[in-house]
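Colleague: predicted model and sequence below, questions to follow.
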Amino acid sequence: MNRRDLLASGAAAIGGFALGGRRAAALPVRWDPEAAADSLTARDTTLAPEAAPTSATTPEASGARPAFQSPAPNPQSLATKWQGDRPARVYTPNGSSITGRRADDGAWVYHLTVGEVEHTFAPGLTATCWGYNGEVHGPTFEGVEGDDVRIYVTNNLSTPTTVHWHGVFLPSGMDGVGGLSQPVIGPGETFLYAFPLKQNGTFMYHAHHDEMTQIALGLTGMFIVHPKASGARGVDRDIAIMLHEWYVEPGTSRPDPNVMSDFNLLTMNGQAYPGTAPLVVGHNDRVRIRFGNLSPMDHHPIHVHGHAWKTVATDGGPIPASAQWPESTVLVPVGATRTVEFVADALGDWALHCHMTHHVMNQMGHDVPNTTGVDSRRLDRAVQPLAPGYATMGEAGMDEHGRHIEMGHMSVPDNSIPMVGQQGPFGYITMGGMYTNLKVRPTPVAYDADPGWWDHPAGTVARRVGAEAAARDGITL
Ligand SMILES: [Cu+2]
C-alpha cells in the first residue's frame, strides 16, 4: 500500500498507529470543548517533539525538529514523515508540519500556541519574532478533505490575537476576524476553532487582529488540505514555501512592524539565503511547490531556472488543465497562494528565487548614493569610526560586499548578515534573501539534506576562451 492509498483508505487506519509514545491520552468520546481545552493546555502547552530521529533520512538538517519516519520507507516515500498520528506528505523546508491527534469521535485535534520566538533568519541574524508553536512561520497544517478539525489556540502573547484560516470554507463564526467573527483571544486565553474541511487545496493561516503588527512579526503559516481520494497522478515531491518580508535594522534584534515599504529582509519559510535549505529532488520527479505570500506589501515573481512549471491551483481552487500555461516565473500576490507543478528533468543546481532584484539582497541600507564606479574605501574608513558597521556598496556593484565581509576586510554590525550570499563552487554567489537552490540529483538519498554542489559533466560549464579559440568561430577579440 503506498502512502496515497494509505491516506485514501481512511484516517481510521492511520489513527491506529501509536508512534513513539507521543499519543496523548484518548480524548473523551462525548466532546466537551471546554474540558478538553483545559486538559490539553494543562498537559500540552508546548508540543515540542521529544523523540529523536529514527534514521538518517529523517532529520531536518539541524536535528532541531525531529520527525517520525514512515513505517515502510521506500524511495517514493522519503517525503512522507509522521507527525504524531498524521502523515506529513508535504515538505516544509526549514519548517515542520504540526502534530495532530485523532479524537475518539474521529476529529483531528491540533494545538497552536501563539508567542514570542527567538528566530534565526540566517546564520548570524537572530531576532525576536512572533510565531506559532515556537516556530516562524508556524508549522504546516495537513488535513484531508472530509476531516473534522478542532484547533485549540492558546495566546501566550501579552496582547490579543485571533487566527484566520485563509481560503478555507467554514462557518462565518470560525473565520477569525477579531471583532467581526469573534471576540479576540486575550492573553492567556485558549479559543477553539472547529470546522469541517470541505475543499482541498493550498491555504494559509494568520493573525487577523492588528494585522499590520502581527503579520509583520511572523504570525503566518501554511494550511494544506489533501483530496480525499486521489484519482489523478500524484507527485513525488510536495513542497510548501511561505514568502515573507521584514525590516530588521542592522544591529537590532526585533523586526520593525511600522515599516511601510522599505523591507530589508526577504524570506522563504522564514529564512534568508544563505539560510534557506536547498530543494532536493530526484531526476524526473514530479514536483509540486505550494507558494504562499503573506508579505505585508510585496508581490513576488518567483522564477525557476532550467525548467518551466504550470500553475495548477490558487487558494480559490484548482485551475482546469485547459487554462494552465507553462512559464518559468509565477507571480505570487500578497494574500494568495500559487501551486505550481513541473517535472525535474534537468540535472544540476538551479537557482529558484524572487526576480525583484531588491528581494534577493539582505539588509541593504536603501538611502545611499550611487557608488557604482566610485572607490569608496576611503569613505568607509572615514565613516566607520563614527558608525562601526558602515559599509558602502562597492564600486562595481554588490558582489564585492559579501566577499569582503567574508574575507574579513569589512565588518557588518552585530547581529546582521552580508547583503549577499555565500561562497559557491565557482566563486561568490551574489544573491541573498528570497533565494534558494533547486538541486536535481539522479537518486537523492535524502530530501532534507544538502547533497553538496553539482558535479558538472565535462564540457558543460561556461568557460574562459582566448583569441585563438574565438577566431575559429570568426570572432575577433
Ligand atoms: Cu520578491
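Modeller: That came through, no problem. Numbers count the residues shown, from 1 in each chain.
Colleague: in the stretch 151-300 of the chain, which residue sits nearest the ion?
Modeller: residue 300 (3.4 Å; Cβ to the ion). C-beta: built from backbone N, CA, C; applies to glycine.
Colleague: show me what that residue is bridged to.
Modeller: Counting by DSSP bridges, residue 300 is bridged to residue 332.
Colleague: contacting residues around it?
Modeller: Residues in contact with residue 300 (Cβ atoms under 8 Å, 6 or more residues apart in numbering) are 243, 266, 291, 293, 331-332, 354, 356, 359, 434.
Colleague: what is the burial count for residue 426?
Modeller: Residue 426 sits with 10 neighbouring residues when counted by other Cβ atoms under 10 Å.
Colleague: residue 435 versus the residue of the stretch 151-300 of the chain closest to the ion, what's the distance?
Modeller: 11 Å (Cβ to Cβ, to the nearest Å).
Colleague: any shared contact partners between the two?
Modeller: residue 354.
Colleague: so what pLDDT did the spatially most central residue of the chain get?
Modeller: The centroid of the chain falls nearest to residue 269 when counting by Cα atoms, centre = their mean (2.3 Å). Here the pLDDT value assigned to residue 269 is 98.
Colleague: so it makes contact with residue 241?
Modeller: Yes: contact criterion Cβ atoms under 8 Å: residue 269 and residue 241 qualify, at 5.8 Å.
Colleague: intersection of neighbour lists for those two?
Modeller: With Cβ under 8 Å, 6+ apart as the test, residue 269 and residue 241 both reach 92-93.
Colleague: show me what the helix or strand hosting residue 165 is in contact with.
Modeller: Taking DSSP states H and E as the definition, one finds residue 165 inside strand 164-166. The contact list for strand 164-166, computed with Cβ under 8 Å, 6+ apart, reads 174-177, 193, 195, 203-208, 223, 315, 335.
Colleague: at 10 Å instead, please
Modeller: For strand 164-166, the external contacting residues (Cβ atoms under 10 Å, 6 or more residues apart in numbering) are 141, 149, 151, 174-178, 181, 193, 195, 197, 203-209, 211, 220-223, 292, 294, 315, 335-337.
Colleague: partner strands of the helix or strand following that strand, with direction?
Modeller: Where DSSP H and E defines the elements, the next helix or strand beyond strand 164-166 is strand 190-196. Paired neighbours of strand 190-196 in the sheet (DSSP bridges): strand 148-155 (antiparallel).
Colleague: using CSV, list the CA coordinates for the partner strand.
Modeller: Below are the C-alpha coordinates for strand 148-155, written out as CSV (Å, rounded to 0.1, in the frame of the first residue of the first chain):
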residue,chain,number,x,y,z
ASP,A,148,-13.4,17.5,11.0
VAL,A,149,-10.7,19.6,12.7
ARG,A,150,-10.6,21.1,16.1
ILE,A,151,-7.8,23.6,16.6
TYR,A,152,-7.1,25.0,20.0
VAL,A,153,-5.3,28.3,20.0
THR,A,154,-3.6,29.4,23.2
ASN,A,155,-2.4,33.0,23.3
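Colleague: average pLDDT across that strand?
Modeller: 96.
Colleague: could you check how many residues crowd around the closest residue in space to residue 453 that isn't next to it in sequence?
Modeller: Counting by Cβ to Cβ, 6 or more residues apart in numbering, residue 453 lies nearest to residue 425, which is 4.2 Å off, once chain neighbours are set aside. The number of residues packed near residue 425 is 12, by other Cβ under 10 Å.
Colleague: and if you look at the one 10 residues further on?
Modeller: By other Cβ under 10 Å, the residues close to residue 435 number 24.
Colleague: would you mind listing what in the chain touches the ion?
Modeller: 300, 354, 356, 359 (Cβ under 5 Å from the ion).
Colleague: try it again with 6 Å
Modeller: Contact residues (Cβ under 6 Å from the ion) of the chain with the ion: 266, 298, 300, 354, 356, 359, 434.
Colleague: which one of those residues sits in the busiest neighbourhood?
Modeller: residue 434 (30 neighbours).
Colleague: for that one, give its distance to residue 252.
Modeller: For residue 434, the distance to residue 252 equals 21 Å [Cβ to Cβ].
Colleague: shaky segments in the stretch 351-477 of the chain?
Modeller: The stretch 351-477 of the chain contains residues with pLDDT under 70 at 364-380, 383-412, 419-420.
Colleague: and with 80 instead?
Modeller: 363-414, 416-420, 445 (pLDDT under 80).
Colleague: in it, which spans are helices?
Modeller: 377-383, 399-406, 467-472 (DSSP state H, counting those that start in this stretch).
Colleague: what's the end-to-end length of stretch 273-290?
Modeller: 19 Å (Cα to Cα, to the nearest Å).
Colleague: repeat that for stretch 293-309.
Modeller: 18 Å.
Colleague: re the thing from before, in terms of helices and strands, where is the closest residue to the residue nearest to the centre of the chain other than its chain neighbours?
Modeller: Excluding the flanking residues, the one nearest residue 269 by Cβ to Cβ, 6+ apart is residue 94, at 4.5 Å. Counting by DSSP H and E, no helix or strand carries residue 94.
Colleague: what sits against the nearest residue to residue 333 once chain neighbours are set aside?
Modeller: Using Cβ to Cβ, 6+ apart and skipping the chain neighbours, the partner closest in space to residue 333 is residue 299 (4.6 Å). Going by Cβ under 10 Å, 6+ apart, residue 299 touches 243, 293, 331-336, 354, 356.
Colleague: neighbours around the residue nearest to residue 284 when sequence neighbours are not counted, how many?
Modeller: Excluding the flanking residues, the one nearest residue 284 by Cβ to Cβ, 6+ apart is residue 345, at 5.5 Å. Residue 345 has 11 neighbours, counted by other Cβ under 10 Å.
Colleague: where's residue 345 relative to residue 286, distance?
Modeller: Applying Cβ to Cβ, the value for residue 345 to residue 286 is 10 Å.
Colleague: do residue 428 as well
Modeller: 34 Å.
Colleague: and if you look at residue 120?
Modeller: Applying Cβ to Cβ to residue 120 and residue 286 gives a distance of 32 Å.
Colleague: quick revisit: of the contacts of strand 164-166, grab the buried ones for ChimeraX.
Modeller: The buried residues among the contacts of strand 164-166 can be selected in ChimeraX (16 or more other Cβ atoms under 10 Å) with this line:
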select :141,149,151,174,175,176,178,181,193,195,197,203,204,205,206,207,208,209,211,220,221,222,223,292,294,315,335,336,337
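Colleague: tell me the contacts of residue 153?
Modeller: Residue 153 neighbours (Cβ under 10 Å, 6+ apart): 37, 110-114, 132, 161-163, 176, 185, 189-193, 205.
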